[in-house]
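>>> sequence and computational prediction follow.
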There are 2 protein chains.
Amino acid sequence: MSTGPAFKRLPRAVRQQQMLDSAVRIFSRRGYHGASMDEIAEVAGISKPMVYAYLGTKEELFVACLHREGTRMMEAIAGAAAPDLPADERLWRGLRAFFGFVGAHRDGWAVLYRQARAEHPFARELTVMRARLVEVVAGMLDHALRAGGREVADPELEVVAYALVGASESLADWLADHPEADPEKTATQMMNVAWLGAGQLLRGVTWHPPQG
Amino acid sequence: MSTGPAFKRLPRAVRQQQMLDSAVRIFSRRGYHGASMDEIAEVAGISKPMVYAYLGTKEELFVACLHREGTRMMEAIAGAAAPDLPADERLWRGLRAFFGFVGAHRDGWAVLYRQARAEHPFARELTVMRARLVEVVAGMLDHALRAGGREVADPELEVVAYALVGASESLADWLADHPEADPEKTATQMMNVAWLGAGQLLRGVTWHPPQG
DNA sequence: GCGTAACCTTACGCACGAGTAGGTATGCTC
DNA sequence: GAGCATACCTACTCGTGCGTAAGGTTACGC
């Protein structure tokens, strides 16, 4: 009598997704260096050489995680914000999609935001992606400004956009640590800070340091 | 003839600071795991056992870095913002001190913000410190609100405070990567986003999602 | 029914880096 | 100038974890 193999044979595509699921989870908990390929393989229910055969080295595996989670997030956001809507509506939909994603993929967010930023050479790549996002936000602000017949220097806008992106990330991080929180409500609160603050700037109101 | 030793004998306090300087630099560039005790010792111009004798294990060394840089930052901020000034003046001085610190201690900032957040068990400690900072900011907002005869639920304020802290950190990070940027100006821009946005909220103006 | 390709394993080589053992030189005190 | 503490070194041990070699098992085409 043969009891058969202790493992199941599955097609490559399925195993790959299992491995990526496992890797995202382990990377998010232990960090890039702290995660071991042995543990990732074990959690995926597979042996280590299979990981190497399908996803390559540890660095390549991490890049694959980054790519999958980053793509999912971008698609969620891009799919929500149609480009022909008014600026505040676009911002609102984008924020809602963003916080919705973070609430549903906490591990993916942790890998993208907490781990990748600390680790060369991934940090550089992430910085580039982030800069592109900042450009988009700055573009929205610029568009709204011109529509209001106002003009602001480019670098100024970029810095404001950086602040808004950073505020969103911070709230997303808070959300990732509070499973009971409502992503929709968090998005509304971010919108309050972003749009009312940006709205003032759009109307030409600025703050100046006191003399002395 | 004896040429004497190739190294100089220095008092413990001096060496310790050299080691911490070196450690902060290496940790900021390579991350916690990526940094090696050998390299830290080499950059400090000393041999490895000395590092262990003075600062203990790698983990203890990292904590020492965190502690020194964190303390420096807190002192810079606390020394700038007197508690009896009006809210916007306090915020302004705090922000100016904060960005001034980051501009002058880029490596320290990178260790505190980029590295420690990714690494257990330091992440937890940093989260606690950050939460305290958020409480302070929320307290300022609350104070200003009550002075205006207005009342807002506590958790609401906390989330707004998180957004402001996150926006500041994001700009600080941008500043750390742009040596040519002026910390003073960055602080002004942050103040614009924070105070005008918060100011709207203080006046009871809120944003609501469109129906549909 | 038999080759061949895909799936999967156990068991290892090897480098790197944390932490230590044991010893040497220098200055300070009486 | 003997004794002692402090500053400092070279040269190791040893665990851990990346990456691989070599081989076993199942499905599928013909």
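In hand now; what should we look at? Numbers count the residues shown, from 1 in each chain, chains lettered A, B, ... in the order given.

>>> contact partners of stretch A:16-36?
By Cβ atoms under 8 Å, 6 or more residues apart in numbering or on different chains, the residues outside stretch A:16-36 that reach it are A:10, A:39-41, A:43-46, A:50-51, A:54-55, A:58, A:61-62, A:64-65, A:68-69, A:106-108, A:110-111, A:114-116, A:118-119, A:122, B:31-34, B:118-120. Bear in mind the C-beta positions are built from the backbone N, C-alpha and C, glycine included.

>>> the longest helix seen in chain A close to DNA strand D?
Among the elements of chain A assigned as helix by DSSP state H, the one spanning the most residues is helix A:122-147. No. Counting by Cβ under 7 Å from any atom of the strand, DNA strand D is not contacted by helix A:122-147; separation bottoms out at 14.5 Å.

>>> out of the contacts of stretch A:16-36, which end up buried?
A:39-41, A:44, A:46, A:51, A:54-55, A:58, A:61-62, A:64-65, A:68-69, A:106-108, A:110-111, A:114-116, A:118-119, A:122, B:31-34, B:118-119 (16 or more other Cβ atoms under 10 Å in any protein chain shown).

>>> among these, which are located in helices?
A:39-41, A:44, A:51, A:54-55, A:58, A:61-62, A:64-65, A:68-69, A:106-108, A:122, B:31-34.

>>> just checking, which helix or strand of chain A averages the lowest pLDDT?
Using mean pLDDT, DSSP states H and E, the weakest-scoring helix or strand in chain A turns out to be helix A:197-202, at a mean of 72.

>>> any idea what A:His208 is structurally, helix, strand or coil?
Secondary structure, DSSP: H, G, I helix; E, B strand; the rest coil: A:His208 is coil.

>>> could you measure from it over to DNA strand C?
49 Å (Cβ to the nearest atom of the strand, to the nearest Å).

>>> gap between the two ends of stretch A:76-88?
Using Cα to Cα, to the nearest Å, the end-to-end distance of stretch A:76-88 comes to 18 Å.

>>> mind listing what's buried along it?
So, applying 16+ other Cβ under 10 Å, buried residues of stretch A:76-88: A:Ala76, A:Ile77, A:Ala80, A:Ala81, A:Ala87, A:Asp88.

>>> residues contacting that stretch, please?
A:90-91, A:93-94, A:96-98, A:100-101, A:140-141, A:143-144, A:147, A:191, A:195, B:207.

>>> and the buried ones among those residues, selectable in ChimeraX?
To isolate in ChimeraX the members of the contacts of stretch A:76-88 that are buried, counting by 16+ other Cβ under 10 Å, one can use:
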select /A:90,91,93,94,96,97,98,100,101,140,141,144,191,195 /B:207
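
>>> and A:Val134, how many residues sit next to it?
By other Cβ atoms under 10 Å in any protein chain shown, 22 other residues sit near A:Val134.

>>> kindly apply the preceding question to A:Ala131 instead.
14.

>>> what's the spacing between it and DNA strand C?
For A:Ala131, the distance to DNA strand C - Cβ to the nearest atom of the strand - is 30 Å.

>>> next up, the contacts around that residue.
Going by Cβ under 8 Å, 6+ apart, A:Ala131 touches no other residue.

>>> state the distance from it to A:Val14.
36 Å (Cβ to Cβ, to the nearest Å).

>>> what's the answer for A:Ala161, then?
With Cβ to Cβ as the criterion, A:Ala161 and A:Val14 are 41 Å apart.

>>> what about these two, which has more around it?
When neighbours are counted by other Cβ under 10 Å, A:Ala161 and A:Val14 differ, and A:Ala161 comes out ahead with 24 against 10.

>>> before we move on, what SS does that one have?
A:Ala161 ends up helix, using three-state DSSP.

>>> touching, it and A:Arg132? I think so.
No. Look at A:Ala161 against A:Arg132 with Cβ atoms under 8 Å: they stay out of range, at 11.1 Å.

>>> does stretch A:11-24 reach DNA strand C?
Yes. Against DNA strand C, stretch A:11-24 shows contacts by Cβ under 7 Å from any atom of the strand at A:Pro11, A:Arg12, A:Arg15.

>>> give me every residue in chain A lying close to DNA strand C.
By the rule Cβ under 7 Å from any atom of the strand, the part of chain A lying against DNA strand C is A:7-12, A:15, A:46-50, A:53.

>>> mind running it again at 10 Å?
Chain A comes close to DNA strand C at residues A:5-16, A:18-19, A:33, A:37-38, A:41-42, A:44-54, as judged by Cβ under 10 Å from any atom of the strand.

>>> list the contacts for A:Val128?
No contacts exist for A:Val128 under Cβ under 8 Å, 6+ apart.

>>> for A:Ala44, same thing?
A:Arg15, A:Gln18, A:Met19, A:Asp21, A:Ser22, A:Ala23, A:Val51.

>>> fine by me, we can end here.
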